[in-house]
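Asks: Predicted model and sequence follow; I will ask about them next.
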There are 2 protein chains.
Amino acid sequence: MPDERAGRTALVILNTGDGKGKTTAALGTLFRAWGRGWNVIMLQFIKSETANFGEHRAARRTGFPVVPLGAGFTWLSKDLEHDKALARRCWEQCREHLLSGDFDIVALDEITYPLTYGWLPVDEVIETLRQRPAHVHVILTGRAAPEPLVAFADLVTEMRDVKHPFRSRGVKAQAGIEF
Amino acid sequence: MPDERAGRTALVILNTGDGKGKTTAALGTLFRAWGRGWNVIMLQFIKSETANFGEHRAARRTGFPVVPLGAGFTWLSKDLEHDKALARRCWEQCREHLLSGDFDIVALDEITYPLTYGWLPVDEVIETLRQRPAHVHVILTGRAAPEPLVAFADLVTEMRDVKHPFRSRGVKAQAGIEF
């Protein structure tokens, strides 16, 4: 079998903006690549370790890992030092997977939040992205991506919220569709 | 098992814009819902019937159908009547799946193109969406969605192209990442 990795230009893909589809498009990319036999993983910064959403159930059915790392920390936390330590612990796991070279695509879901809150230095994240093995594609998701990350990424898409069913029809997020 | 469909508000979701992630986010939504045991299908207007991209391979591995209906027709065609007939044939298949009630989510990938080219009347598509069984979510994708479709949809996201690797680094579309 020819090495599909030869000639590959590994990309840093960033899905940002206030609309739907950032995590979902990352899942779609992983799904497609998994269809080609690639090793793919999603590490989720915000979703709680006990999360059992559609993507986790689907991941168990397919066998590619979608790993919720977070303990549900939010910007409303009263214990900033605790949250910083948690973000650091999550990041160390991401770093390991990025640098190991074991995966063709590593998706870091909702990583922009700890960056924006100042819990993780954006320079450190970019430096690790630079150091990763040459065949590793990376997908980053989350609102309000910091400017240095936009500048560093190869492919940046803004998911813009044009119309949302909660505003247009009072419909809340539904299982199966949004999580 | 409780009927998950009770209380469901079936949505019409539209992913449009010139950026990446329209089809990919639709695939991600199907993947997630499939993880919950839902019946899902994607019907693709433009991709040729012989297409064997990542999503088709992944679909075969999971068992949920991603069906390329198109014969690769484009706006460059010399034979307009032929293309109109083809679009009509594709649409009849979509219509059947929308109205059957067999699926929880029906994704009509790249449907905006035959609408924009005038091969399918947008009113007819909207009328069929109105007639579908109440539990059927629909996802529509494609650039430049016609205004009546935006007005009719419940959830509209514009995928905006902020930075593309072809422009930023001269990198062309790659297997595994973009198809």
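Replies: Looks like it arrived, so ask away.

Asks: drop to CA atoms for contacts and neighbour counts, all remaining ones
Replies: Noted.

Asks: for chain A, what helix or strand is lowest in average pLDDT?
Replies: Lowest by mean pLDDT, DSSP states H and E among the helices and strands of chain A is helix A:165-169, with a mean of 75.

Asks: for that one, which positions count as buried?
Replies: Neighbour counts over helix A:165-169 (16 or more other CA atoms under 10 Å in any protein chain shown) mark residue A:165 as buried.

Asks: touching chain B at all, it?
Replies: Yes - using CA under 8 Å from any CA of the partner chain, helix A:165-169 reaches chain B at A:165, A:168-169.

Asks: Could you do stretch A:39-48 as well?
Replies: No - using CA under 8 Å from any CA, stretch A:39-48 stays clear of chain B, coming no nearer than 10.7 Å.

Asks: gap between the residue sitting nearest the centre point of chain A and chain B?
Replies: Centroid-nearest residue in chain A, with CA atoms, centre = their mean: residue A:109, separated by 1.9 Å. Using CA to the nearest CA, to the nearest Å, residue A:109 is found at 14 Å from chain B.

Asks: any idea which of the residues of helix A:165-169 next to chain B is closest to chain B?
Replies: Nearest to chain B among those: residue A:165, at 5.1 Å, using CA to the nearest CA.

Asks: for the closest one, what are its contacts?
Replies: By CA atoms under 8 Å, 6 or more residues apart in numbering or on different chains, the contact set of residue A:165 is A:171-172, B:11, B:154-155.

Asks: Over to residue A:58?
Replies: By CA under 8 Å, 6+ apart, the neighbours of residue A:58 are B:31-36.

Asks: What about the residues you listed, which one has the most neighbours?
Replies: residue B:31 (30 neighbours; other CA atoms under 10 Å in any protein chain shown).

Asks: three-state assignment of that residue?
Replies: Secondary structure, DSSP: H, G, I helix; E, B strand; the rest coil: residue B:31 is helix.

Asks: Quick one: residues contacting it.
Replies: A:27-28, A:31, A:54-55, A:58.

Asks: mind listing which of the residues you listed are in helices?
Replies: Judged by DSSP state H, helices contain the following of the contacts of residue B:31: A:27-28, A:31, A:54-55, A:58.

Asks: so for whichever helix in chain A runs longest, what's the average pLDDT?
Replies: Scanning chain A for the helix with the most residues, using DSSP H, yields helix A:80-100. Mean per-residue pLDDT for helix A:80-100: 90.

Asks: helices and strands around it, which ones?
Replies: Counting contacts by 3 or more CA pairs under 8 Å, 6 or more residues apart in numbering or on different chains; DSSP states H and E, helix A:80-100 packs against strand A:40-48, strand A:66-70, strand A:105-109, helix A:122-131.

Asks: what bits of chain A have low per-residue confidence?
Replies: Chain A contains residues with pLDDT under 70 at A:1-7, A:71-78.

Asks: For the closest residue to residue A:176 other than its chain neighbours, which residues are in contact?
Replies: Setting aside the residues directly before and after it, residue A:176 is nearest to residue B:33 in space (CA to CA, 6 or more residues apart in numbering or on different chains), at 4.5 Å. Contacts for residue B:33 (CA under 8 Å, 6+ apart) come out as A:54-55, A:58, A:176-177, B:39-40.

Asks: Dump the residues you listed to TSV, plus distance to residue B:131.
Replies: Output for these, formatted as TSV (distance: CA to CA, whole Å):
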residue	distance to residue B:131
A:54	28
A:55	30
A:58	30
A:176	22
A:177	21
B:39	19
B:40	19
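
Asks: Highest neighbour count among these?
Replies: Among the contacts of residue B:33, the one with the most neighbours (other CA under 10 Å) is residue A:55, at 28 neighbours.

Asks: Does that one touch residue A:64 like I think?
Replies: No - in this structure, residue A:55 is not within contact of residue A:64 by CA atoms under 8 Å, at 10.4 Å.

Asks: Okay, residue A:46 and chain B: tell me how far apart.
Replies: Counting by CA to the nearest CA - residue A:46 and chain B are separated by 18 Å.

Asks: Skipping adjacent residues, who's closest to that residue in space?
Replies: residue A:70 is the one closest to residue A:46 (CA to CA, 6+ apart), at 4.7 Å.

Asks: Could you give the number of residues near the one you found?
Replies: Other residues near residue A:70 number 21, with proximity taken as other CA under 10 Å.

Asks: Please verify my assumption that it contacts residue A:50.
Replies: No - judged on CA under 8 Å, residue A:70 makes no contact with residue A:50 at a distance of 9.1 Å.

Asks: Quick check: which element contains residue A:103?
Replies: Under DSSP states H and E, no helix or strand contains residue A:103.

Asks: what do you get for residue A:139?
Replies: strand A:137-141.

Asks: Going by neighbour count, list what's buried in that strand.
Replies: In strand A:137-141, counting by 16+ other CA under 10 Å, buried: A:137-141.

Asks: I'd like the residues you listed as JSON lines, with distance to chain B appended.
Replies: Shown next, in JSON lines, are the buried residues of strand A:137-141 (distance: CA to the nearest CA, whole Å):
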{"residue": "A:137", "distance to chain B": "9"}
{"residue": "A:138", "distance to chain B": "10"}
{"residue": "A:139", "distance to chain B": "10"}
{"residue": "A:140", "distance to chain B": "13"}
{"residue": "A:141", "distance to chain B": "12"}
